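Q: A predicted structure for the sequence below; I have some questions about it.
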Amino acid sequence: MTRSLLRALPTLLSLALFVGLLIFLLQQPGPWRLAYWFSQANLYFAPALLALALTPVVLTGGIDLSVGSVTVFASVVVGLLLAKLGWPLGPALLAGLVVGALAGLVNGLLVAAGVLPLVATLATRELFRGLALSLCGETALALPEAAGDLWRWRPFGVPLSVWAVLLTLGVVWFVVHHTWMGRMLFALGDNATAAKYAGVPSKRLLVGVYTAVGLVAGLCGVGLVLQYPAVRADAEKTLEMTAIACVVLGGVRITGGAGHVLGTALGIATITLLLVALANVSPSVRDLLLGVLLLGVALTGEAARRRAR
């Protein structure tokens with residue numbers, strides 16, 4: 001019993017923080033309205049989607065530091081196709097998804113070839129950000145009105161961002177916890193050598209999960225194009241750190257082999273509430289607090305796991 005509680009300590013801390021932040025926010029009039037939370041979902045949909053997509057990668061013992069750059073790169077490509085080349089909205093958005101998937105494929109091939117995930121994705125992070133800057137420069141690229149019209153569409157009264165997060169949550173949860181692929185993810189993250197001798201197709205699995213992350217990053221780039229009237233190559237510089245914080249805060253072991261997708265969902269909810277509570281704080285202080293929280297949860301989780309062993 002004690003061992004189980006120690007292993008669940010990061011998740012319990014996240015739950016306690018979530019409850020505390022929710023109580024704090026409910027002291028204000030805005031959070032009692034559903035429209036308020038829909039507006040927040042529109043603001044923070046990208047970290048949520050990326051955190052869900054990163055969960056399988058972290059379960060393998062990997063990491064992807066390039067998701068923010070891939071998101072921006074995809075948004076710049078879509079913006080150029082719409083504003084400069086006059087592409088129709090549908091094909092341009094599809095091109096953004098393809099760009100994201102190809103970027104993820106590059107990461108997957110590098111990791112499968114034996115390059116450390118931290119090194120590979122740190123390098124591609126700068127590569128894709130540099131490509132975005134070379135295509136767009138440091139000025140904002142104005143977009144047509146039609147993109148914003150699609151973003152304002154609300155099926156059954158619910159924003160597209162909420163539907164995207166719920167759909168991604170369902171798919172990732174099912175794949176990770178109810179398929180043979182999910183079992184292989186845990187095996188690979190727990191012991192890569194043993195997984196290899198057990199017949200786990202490690203290279204194909206790594207290529208697959210990194211490509212999937214790239215595809216979701218492309219979807220986030222499409223979302224940015226739909227949400228804002230302009231795209232910038234220097235935007236979303238802390239997106240990957242926020243997404244990783246959601247995963248770690250949700251109790252997914254950063255070294256792989258342990259965690260749950262619903263824990264990531266709890267981490268997303270907690271980080272979102274924290275960002276909402278700190279909305280009037282300067283970005284530098286907000287990033288500092290997020291970093292301290294991430295470091296504290298990571299150290300607490302590792303200490304608890306060692307104690308459990």
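A: Alright, I've got the coordinates.

Q: Please give me every residue in contact with the residue most central in space within the chain.
A: Centroid check for the chain by C-alpha atoms, centre = their mean gives residue 50 as the closest residue, at 1.6 Å. Counting by C-beta atoms under 8 Å, 6 or more residues apart in numbering, residue 50 touches 67, 68, 71, 213, 216, 217, 220, 239, 240, 243. Just so you know, the C-beta spots here come from the backbone N, C-alpha and C atoms, and that holds for glycine as well.

Q: host element of the fourth one?
A: Secondary structure here is read from DSSP states H and E; on that basis residue 213 sits in helix 202-227.

Q: Just name whatever secondary elements that helix is in contact with.
A: helix 45-59, helix 67-83, helix 89-112, helix 145-151, helix 160-178, helix 180-190, helix 192-197 (3 or more C-beta pairs under 8 Å, 6 or more residues apart in numbering; DSSP states H and E).

Q: want to try a markdown table for the ones you listed, with distance to residue 277 and mean pLDDT as columns?
A: As requested, the helices and strands packed on helix 202-227 are arranged in a markdown table below (distance: least, C-beta to C-beta, whole Å; pLDDT from 0 to 100):
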| stretch | distance to residue 277 | mean pLDDT |
| --- | --- | --- |
| helix 45-59 | 15 | 91 |
| helix 67-83 | 23 | 88 |
| helix 89-112 | 31 | 90 |
| helix 145-151 | 26 | 67 |
| helix 160-178 | 20 | 89 |
| helix 180-190 | 33 | 85 |
| helix 192-197 | 39 | 76 |
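
Q: so residue 270 makes contact with residue 247?
A: No: judged on C-beta atoms under 8 Å, residue 270 makes no contact with residue 247 at a distance of 11.6 Å.

Q: More neighbours: the two, which one.
A: For residue 270 and residue 247, the more surrounded residue by other C-beta atoms under 10 Å is residue 247, and the numbers stand at 29 against 26.

Q: Quick check: the gap between the more buried one and residue 201.
A: Applying C-beta to C-beta, to the nearest Å, the value for residue 247 to residue 201 is 24 Å.

Q: What does the spatially closest residue to residue 122 that is not a sequence neighbour show for phi and psi?
A: Among residues not flanking residue 122 along the chain, residue 65 sits closest, at 5.2 Å (C-beta to C-beta, 6 or more residues apart in numbering). The phi/psi pair for residue 65 (degrees, to the nearest 10) reads phi -90, psi 0.

Q: Okay, now the unreliable bits of the stretch 201-309 of the chain?
A: Residue ranges of the stretch 201-309 of the chain with pLDDT under 70: 278-282, 284-285, 297-309.

Q: give me that answer again for 90
A: 201-205, 221-309 (pLDDT under 90).

Q: what about the helices in it?
A: 202-227, 239-249, 261-277, 283-308 (DSSP state H, counting those that start in this stretch).

Q: would you list these in JSON lines and tack on distance to residue 85?
A: Shown next, in JSON lines, are the helices of the stretch 201-309 of the chain (distance: least, C-beta to C-beta, whole Å):
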{"stretch": "helix 202-227", "distance to residue 85": "14"}
{"stretch": "helix 239-249", "distance to residue 85": "26"}
{"stretch": "helix 261-277", "distance to residue 85": "35"}
{"stretch": "helix 283-308", "distance to residue 85": "34"}
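
Q: Quick one: closest of these to residue 116.
A: helix 202-227 (12.0 Å; C-beta to C-beta).

Q: Residues contacting stretch 231-239, please?
A: Under the contact criterion C-beta under 8 Å, 6+ apart, stretch 231-239 has outside partners 46-47, 50, 67-68, 71-72, 75-76, 78-79, 129, 132-133, 135-141, 143, 220, 224-225, 287.
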